[in-house]
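Could you look at this predicted model? Sequence included:
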Amino acid sequence: MSDNGPADETPNDSPLASWFLGPKAEHSDLWFELIAYIFEDYTHWRMNYFPNDPIVISRERRRRHDRWQDSLKTDLDSILNNLKAHFPFYSPRYIAHMLSEQTLPSVLGYFAGMLYNPNNVTDEAAPVTVRLELEVGRMVASMLGYRPQKAWAHICSGGTVATLEALWVARMVQFVPFIVRGYCAEHRLDFVIKTADGRRAPIGELSDRELIGLRPNESIFMIRKLARFEVEQIGREQTAVIGAINAFVQASEYNVKLRGCDAVIKQTGMRPLIFVSAAAHYSIKKAANILGYGEDSVRLVPVTSHFRVNTELLRSMLEHVREHEYIAAVIGIVGTTEEGAVDAIHTIAGLRDQLARARNQSFWFHIDAAWGGYIRSLFCGHSLEATAGRDLDATYALLAQRINARETISWDFVRGRPGAGAGHNRGEEIAWDNPDVYKALIAMSDADSITIDPHKLGYVPYPAGIIAFKNGLVTELMTQRARYISDASEGIKSIDDMVEIKAVGPYILEGSKSGASATSCWLAHKTIPLTVHGHGKIMRTTLLNAKKLYWHLQHHRKNFAAFEEACGFSQSPRSRFSYPFTFQPLFNPDTNIVCFVAVPMAWREARLAPTDMPLRWINELNRRIHDDLDIPQLSRGTQMPYVKEYFVSNTTFEKGQYTSQSIEPVLRSIGVSSHEYNAHGLVVLRSTVMNPLHYTAQAEGIDYLAGFVRHLHKVTRYLIVQVYRLMTEEV
Ligand SMILES: *Cc1c(COP(=O)(O)O)cnc(C)c1O
């Protein structure tokens, strides 16, 4: 395969269209063939297990169940009928929530696994699929930039559980040095460790604050290092040492697992704090709640007008952590849920190094990449030996060149037919090449743990989240005693080996879990590799399509008159210019989510400028637009989706989440004062552009994104009249 694979590919020869069933079930032949094959193969497996065993349910007996089978079929019909009121997630017309098609292999893999009903808690209940799960873990860890043989990554139910598990592990790791200090005091050991600022010091000399601020890796390796120190330096016998350490760990007053979070935290007299941007998913507060830190421990750092964490404020907040507080975790987000924004992961990683050097204080760095993690597939599969040892800027430049995520689009979108642009028959370039986003994604491998959701941009069925830890040794610290599940016993087992994991149960939050998720992810990632030549093609398409939608919205104002014409409205100046409006995107998307607001405008000296419509009414307009492009809540589940040509989602920004200062440029772009924003919040339309086939459809002559904007224009044109009328009636 050529290195610059996707760059020299047109939508026509991209393999992407073969990876999905297709909006018209175009691949239904293959689909039926393989689904039938899976089901047949499975029944043969049953029949061939002791073929001589008697038939237990005879034909005659089967006939006697006819009536029950009739009722089964009737009730199944009823489910199938009712399901037709489902949202058409697979359609390029669905540009709303974080939902789309699943890849063909992921669905096939799911069915194949599901029939055998493996329970991936242990290989005793899932002899085949636990292995596949761990292989999926290595594939994803590798895509994230971790060393797959050193990392530990497994499938869980989703991003919520993944992040909870990361913080749960971090909590365990953080108190290891306290246990070791106690052990060394009891055994009078002069055990030397490395402080966060790189000095070597006997552990007994370190304060609680210094211990809690050690680099996570130092804490993770500490028990093994201690054992090795006793065996190799002191000359004690290995089994005795391991036994003594494990016994001490059990008894320690700093054992969070046994003593409880509250008791341990009281010992230190310090309060845990978690730092994350104000754009955080609510699962982080949930985790703080469940872990016993309390939601108050989550410190929301204001965002920039790009909805990325403000790293200057983060620095200042970290520097101002008080004597009786400590940093339980700093969480960076790759792809915020509402905006798809990517925090400057490289800056946060740099901040951690600076803080360690200057203040002898490190922290657990977690990344919530539930949404954006798979975008990193674009960065894999290049022969990047050339970049080894290069700096971030050089790596960025090289990757940007290799990925070459740019397209030329034509101005003819307005009328939806070729060669009829509003006097602009030239092409326009759109590109996904923001250096900050590239650098953030490159630097992801610096984090201690990463949450990533295959059931989002991995395009596999629910439930499938993944938690990846950079250092797989954390499993040793997590072992829960459960002999009936496996023989994994508490604590460390030897000083040298990395233990082979057969049962994931002892190391994770969940218990019984679906092996079908493992077969699903495995078949998907095996056949559509997590590289620029495979999954990266899907990512590249969605990123460019989001840019394209952004571009359409951004040019709406300029093309207002042309839009009017394209939507078939009268050409008379009066009707054309009665209630103009535009769609203002709130930011140039970092990934594939576009947020925008419909804003009423007025003609001033032949140009469109914002009116002074109060925000309350602008919000009303946007709420109505959203309701028009969605199934109303009351008829959800009964109304068929065919009544809607397009779908959009919405959200409301409020001062409790985003202060008016932090998003001041956003407010200015739509002509809203911070006073009004503080009073009413801002209703925002939100489009997740993740359907993989927008470009393929365009090559076949239908541009759904342009159609979406035209549809929005039509709908808004009617609704704005209603809103003006309501507003006048009120006065
Ligand atoms: C979706 C999402 C989550 C939660 O993941 P689930 O799979 O829904 O539990 C967490 N963080 C971010 C950024 C997300 O987008």
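All right, it came through fine. Numbers count the residues shown, from 1 in each chain.

Can you dump the C-alpha atoms of the longest strand along the chain in PDB for me?
Using DSSP state E, we find that the single longest strand of the chain is strand 593-604. Written as PDB, here are the backbone C-alpha positions of strand 593-604 (Å, rounded to 0.1, in the frame of the first residue of the first chain):
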ATOM      1  CA  ILE A 593     -19.400  18.100  15.300                       C
ATOM      2  CA  VAL A 594     -20.700  21.500  14.100                       C
ATOM      3  CA  CYS A 595     -22.600  23.800  16.400                       C
ATOM      4  CA  PHE A 596     -24.500  26.700  14.900                       C
ATOM      5  CA  VAL A 597     -27.200  29.200  15.600                       C
ATOM      6  CA  ALA A 598     -29.900  30.700  13.200                       C
ATOM      7  CA  VAL A 599     -29.600  34.500  13.600                       C
ATOM      8  CA  PRO A 600     -32.100  37.000  12.300                       C
ATOM      9  CA  MET A 601     -30.500  39.700  10.200                       C
ATOM     10  CA  ALA A 602     -31.400  43.000   8.500                       C
ATOM     11  CA  TRP A 603     -30.200  44.700   5.300                       C
ATOM     12  CA  ARG A 604     -28.000  47.600   6.000                       C
END
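
ok, the nearest residue in space to M613 that is not next to it in sequence - how many residues close by?
Nearest in space to M613, with sequence neighbours left out and distances taken as C-beta to C-beta, 6 or more residues apart in numbering, is P600 at 4.8 Å. (Each C-beta comes from the backbone N, C-alpha and C, glycine too.) The tally of other residues near P600 (other C-beta atoms under 10 Å) stands at 21.

For the particular helix or strand that has F563 in it, buried residues please.
In the assignment (DSSP states H and E), F563 maps to helix 560-566. For helix 560-566, a neighbour-count test (16 or more other C-beta atoms under 10 Å) marks F560, A561, A562, F563, E564, E565, A566 as buried.

Show me what that helix is packed up against.
helix 704-730 (3 or more C-beta pairs under 8 Å, 6 or more residues apart in numbering; DSSP states H and E).

mind listing what's buried in the helix it packs on?
Going by neighbour count (16+ other C-beta under 10 Å), the buried part of helix 704-730 is 704-717, 719-720, 723-724, 727.

ditto for stretch 28-45
So for stretch 28-45, counting by 16+ other C-beta under 10 Å, buried means W31, L34, I38.

How about T696: what's its closest non-neighbour residue?
A17 (4.8 Å).

Quickly note the distance from that neighbour to E26.
Distance, A17 to E26, by C-beta to C-beta, to the nearest Å: 8 Å.

what about these two, which has more around it?
For A17 versus E26, neighbours defined as other C-beta under 10 Å are more numerous around A17 (19 against 14).

next structured bit after the longest strand of the chain?
Under the assignment DSSP H and E, the closest C-terminal helix or strand after strand 593-604 is strand 607-610.

Mind giving me the packing neighbours of that following strand?
Counting by 3+ C-beta pairs under 8 Å, 6+ apart, strand 607-610 packs on strand 593-604.

Give the other helices and strands that the strand it packs on contacts.
So strand 593-604, by 3+ C-beta pairs under 8 Å, 6+ apart, packs with helix 535-554, strand 581-585, strand 607-610, helix 615-628, strand 682-688, helix 704-730.

how about those in TSV, adding mean pLDDT and distance to the ligand?
What follows is the helices and strands packed on strand 593-604, written out as TSV (pLDDT from 0 to 100; distance: least, C-beta to the nearest ligand atom, whole Å):
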stretch	mean pLDDT	distance to the ligand
helix 535-554	96	15
strand 581-585	96	20
strand 607-610	88	32
helix 615-628	97	20
strand 682-688	98	10
helix 704-730	94	22
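
need the ones you listed in JSON lines with distance to G113, can you?
Output for the helices and strands packed on strand 593-604, formatted as JSON lines (distance: least, C-beta to C-beta, whole Å):
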{"stretch": "helix 535-554", "distance to G113": "20"}
{"stretch": "strand 581-585", "distance to G113": "41"}
{"stretch": "strand 607-610", "distance to G113": "54"}
{"stretch": "helix 615-628", "distance to G113": "38"}
{"stretch": "strand 682-688", "distance to G113": "27"}
{"stretch": "helix 704-730", "distance to G113": "33"}
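
follow-up on the earlier one: thought the residue nearest to T696 was touching H694?
No. Checked against C-beta atoms under 8 Å, the pair A17 and H694 is beyond contact range at 11.4 Å.

so where is the chain shaky, pLDDT-wise?
1-13, 384-390, 411-426, 479-500, 570-577 (pLDDT under 70).

What residues does it have near the ligand?
158-160, 281, 283, 333, 335-337, 368, 370-371, 453, 465 (C-beta under 6 Å from any ligand atom).

Restricted to helices, list those residues.
Among those, the residues falling in helices (DSSP state H) are G159, T160, S283.

any idea which of those has the most stuff around it?
Counting neighbours by other C-beta under 10 Å, G159 leads those with 25 neighbours.

ok, the residue nearest to that residue when sequence neighbours are not counted - how many residues close by?
Among residues not flanking G159 along the chain, A370 sits closest, at 3.2 Å (C-beta to C-beta, 6+ apart). For A370, the neighbour count with other C-beta under 10 Å is 28.

quick one: contacts for A370?
G158, G159, A162, T163, H281, G335, T337, T451, I452, D453, K456, G465 (C-beta atoms under 8 Å, 6 or more residues apart in numbering).

didn't the first one look like it was pressed against P461?
No. Taking C-beta under 8 Å as the definition, G158 is not a contact partner of P461, at 12.0 Å.

which residues does R181 contact?
By C-beta under 8 Å, 6+ apart, the residues touching R181 are I203, G204, L206, L211.

Between all of those residues, which two are separated the most?
Using C-beta to C-beta, those span at most 10.7 Å, a distance reached by G204 and L211.

Give me the more crowded residue out of these two.
L211 (24 against 14).

Same question for that one, what's its three-state structure.
helix (DSSP: H, G, I helix; E, B strand; the rest coil).

if we can go back for a sec, next, format the contacts of R181 as a markdown table and append secondary structure and distance to L553.
Conversion of the contacts of R181 to a markdown table gives the following (DSSP: H, G, I helix; E, B strand; the rest coil; distance: C-beta to C-beta, whole Å):
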| residue | secondary structure | distance to L553 |
| --- | --- | --- |
| I203 | helix | 58 |
| G204 | helix | 62 |
| L206 | coil | 55 |
| L211 | helix | 52 |
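
Quick check: of those residues, which lies closest to the ligand?
Within these, proximity to the ligand (C-beta to the nearest ligand atom) peaks at L211, which comes in at 30.3 Å.

what's the neighbour count on L509?
For L509, using other C-beta under 10 Å, the count is 15.

My reading is that it lies in a helix. Confirm?
No. Under the criterion used here (three-state DSSP), L509 is coil, not part of a helix.

hmm, back to that, show me whatever sits in contact with both of G158 and P461.
Common neighbours of G158 and P461 (criterion: C-beta under 8 Å, 6+ apart): H455.
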